[in-house]
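S.K.: can you look at this prediction? I've put the sequence above it.
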Amino acid sequence: MLDRSGRAALPRVLLACVLLLAATACGGGTSGAAPGRTASAAGAGAWAGWRPAVGTSWQWQLSGPLDTRVDAAVYDVDGFTTSTAQVAALHAEGRKVVCYISVGAYEDFRPDRQRFPAVLLGGSDGWPGERWLDIRRLDLLEPIIAARFAMCRSKGFDGVEPDNVDGYANATGFPLTAADQLAFNRMVARLAHQRGLAVALKNDLDQVPQLVGDFDFAVDEQCAEYQECDELVPFIAAGKAVLEAEYNLPRPAFCGAARRLRFSAMLKHLSLDAWRQAC
């Protein structure tokens, strides 16, 4: 999981029926669909479901035994390895839970790995067992991503963090364009909303102006270290949270700016285990 800079980056009865049929006609794959998004034009309609509040506290854990004792309002955890019971336990403590799912890269350790045809697989994204995907093939990727988001919803998650959504700015092995990325990312947002899930934009800072209307919050790595946090301000201006993680800077080097920008920032290990130091 690498972002565009090559650094580590380790979704009333008749009216509802009409909207559901319209969603099916517009893009297939509606297994697990749920209400939450109002009628929209060009996929940028208002999301009526939950989204994390600006300034909310959060925990991001993708490795190690899940520690549910961290004092944070939002938990962002692995969609495959986190159980329905663990999501329910977090809900019982008043937390909202976000489902981490890779959508732009193949992972050979996931249980649905056989669903990815070889034609989709590109070069390594820098992590063992992971390869970039040809995001131009929406026809092949949509049902796979839809099924993954349906799994998140079936486990009770409130939102999704779709990872690896900036392949066009990396060496993927495919001639991806910015337009390809926008089309793919908007499809990802639509699939999440159709399943009643809030959806985060992960990194992809260059496309924030075009995508802030489609996504409900942002998850960013190292914007302070790379001096690019200002690019995420449109999310705050739209009343949408920015969840920031830094790996290499001491907290005094980024917490002051994060507070001024109203970002939810914390220091994490690169492994994204349970350890954290929030601002």
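M.R.: Structure's in. What do you need?
S.K.: list the beta-bridge partners for the residue nearest to the spatial centre of the chain.
M.R.: Compute the mean C-alpha point of the chain, and by Cα atoms, centre = their mean the closest residue is E161, 2.0 Å away. Note on E161: beta-bridge partners by DSSP bridges are Y100.
S.K.: how about V74, phi and psi?
M.R.: Backbone dihedrals for V74, given as degrees, to the nearest 10, come out at phi -130, psi 130.
S.K.: tell me the contacts of it?
M.R.: V74 is in contact with P52, T56, S57, W58, Q59, R95, K96, V97, V98, L243, counting by Cβ atoms under 8 Å, 6 or more residues apart in numbering. Backbone N, C-alpha and C define where each C-beta goes, glycine included.
S.K.: pull up the gap between the third one and D166, please.
M.R.: To tie it back to what came earlier, the one meant is S57. According to Cβ to Cβ, to the nearest Å, S57 and D166 sit 26 Å apart.
S.K.: comparing the two, which residue is more hemmed in?
M.R.: Shown here are S57 and D166; by other Cβ atoms under 10 Å, D166 has more neighbours (23 against 18).
S.K.: settle this for me: the more buried one is touching A178, isn't it.
M.R.: No: using Cβ atoms under 8 Å, D166 makes no contact with A178, being 10.0 Å away.
S.K.: list residues touching both of these two?
M.R.: Common neighbours of D166 and A178 (criterion: Cβ under 8 Å, 6+ apart): D206, Q207.
S.K.: low-confidence ranges in this structure?
M.R.: 1-45 (pLDDT under 70).
S.K.: run through the helices of the stretch 1-150 of the chain in chain order.
M.R.: In the stretch 1-150 of the chain, the helices defined using DSSP state H, counting those that start in this stretch lie at 13-27, 84-92, 138-154.
S.K.: give me the buried positions along the shortest one.
M.R.: It refers to helix 84-92. Residues of helix 84-92 classed as buried by neighbour count (16 or more other Cβ atoms under 10 Å): Q86, V87, L90.
S.K.: which non-adjacent residue is nearest the last one?
M.R.: Computed as Cβ to Cβ, 6 or more residues apart in numbering, the closest residue to L90 that is not its neighbour in sequence is V97, at 5.0 Å.
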